[in-house]
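In: sequence below, structure please.
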Amino acid sequence: MLQQLTIKTSNKAALKPVLRSAMEGEKRMIAFGLQKSRLHLVDFEQQFSMSSAEFERRLNSGELEETVMLTDWRMEIEMLRLLEKQYEALQEARID
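Out: Modelled structure (predicted):
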């Protein structure tokens, strides 16, 4: 569902390029975070010889006991999901 955000200004012409630039900069930063997060997940998957999906399934079913290392893995998965949502929101955003 498309939602609208209103920003009021007395100088629309000056603000539009600033907002566009800020959004593009944020997208670049999020893209960098996505890349790092995916690399961290690959490291966990290789270290524990299972996919992140399998890890989550086993953790949620109680098959795995949560340790500090597994908490880090779980948190990295959540970080990836958050960054993906943020990136998608910025990709869909339009400035009129």
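In: from now on I want contacts and neighbour counts done on CA atoms only, so please keep to that.
Out: Noted.
In: helices and strands around the host helix or strand of Asp43, which ones?
Out: When secondary structure is defined using DSSP states H and E, the element that contains Asp43 is helix 12-48. For helix 12-48, the contact count by 3 or more C-alpha pairs under 8 Å, 6 or more residues apart in numbering; DSSP states H and E identifies helix 52-60, helix 68-92 as packing neighbours.
In: so which of these is nearest Glu45?
Out: Closest to Glu45 of the helices and strands packed on helix 12-48 is helix 52-60 (C-alpha to C-alpha; 6.3 Å).
In: report the contact partners of the spatially most central residue of the chain.
Out: For the chain, the residue lying nearest the average C-alpha position, counting by C-alpha atoms, centre = their mean, turns out to be Leu83 (0.8 Å). Under the criterion of C-alpha atoms under 8 Å, 6 or more residues apart in numbering, the neighbours of Leu83 are 30, 33-34.
In: return the member of those residues nearest to Ala13.
Out: Nearest to Ala13 among the contacts of Leu83, counting by C-alpha to C-alpha, is Ile30 at 26.7 Å.
In: possible to save the contacts of Leu83 as CSV with neighbour count and pLDDT?
Out: Formatted as CSV, the entries for these read as follows, by neighbours: other C-alpha atoms under 10 Å; pLDDT from 0 to 100:
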residue, neighbour count, pLDDT
Ile30, 19, 98
Gly33, 16, 98
Leu34, 19, 98
